[in-house]
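Colleague: One predicted model, sequence on top.
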Amino acid sequence: MSYRIEFFNEGVAAEVMGWPAGIRASFSRIAERMIEHGPNLGLPYTRAMGDGLFEIRAKGQEGIGRALFCTVVGKRVVVLHGFIKKTEQTPLRALDTARRRMKEVRP
């Protein structure tokens, strides 16, 4: 059985789909692998951020995109937040947003 990838809301979907073409293509390839093999792909595709939060590490010529996600019962992967990375570390505000949303979707 394959996994299903969902977005937290339309705003998150619009953010990720609005990324530059190269970064968006990288995200799509990683998402396809996750659907087939599950969310635990490991580096360089995904990375654990702690407390059940993970990131998709999309990279293109235009820069680096990150999509924070969690897994939910029933082989669901929920993309909680997406952003284009501008600094070396993941911004705390992005992590806080994703963790708050994760509490809403997890049972």
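Modeller: Thanks, I have it. Numbers count the residues shown, from 1 in each chain.
Colleague: Strands of the protein, start to end?
Modeller: Taking DSSP state E, the strands of the chain run over residues 4-7, 46-50, 53-60, 63-72, 76-85.
Colleague: Take those strands and write them to TSV, including mean neighbour count, distance to Pro107 and mean pLDDT.
Modeller: Every C-beta, even on glycine, is put in place using the N, C-alpha and C of the backbone. Output for the strands of the chain, formatted as TSV (neighbours: other C-beta atoms under 10 Å; distance: least, C-beta to C-beta, whole Å; pLDDT from 0 to 100):
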stretch	mean neighbour count	distance to Pro107	mean pLDDT
strand 4-7	16	15	95
strand 46-50	15	20	94
strand 53-60	21	16	96
strand 63-72	21	8	95
strand 76-85	21	11	96
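Colleague: can you tell me which residues contact the residue nearest the centre of the chain?
Modeller: The centroid of the chain falls nearest to Ala67 when counting by C-alpha atoms, centre = their mean (2.8 Å). Counting by C-beta atoms under 8 Å, 6 or more residues apart in numbering, Ala67 touches 16, 27, 55-56, 58, 79, 81-82.
Colleague: Closest to Gln89 out of those residues?
Modeller: Glu55 (11.9 Å; C-beta to C-beta).
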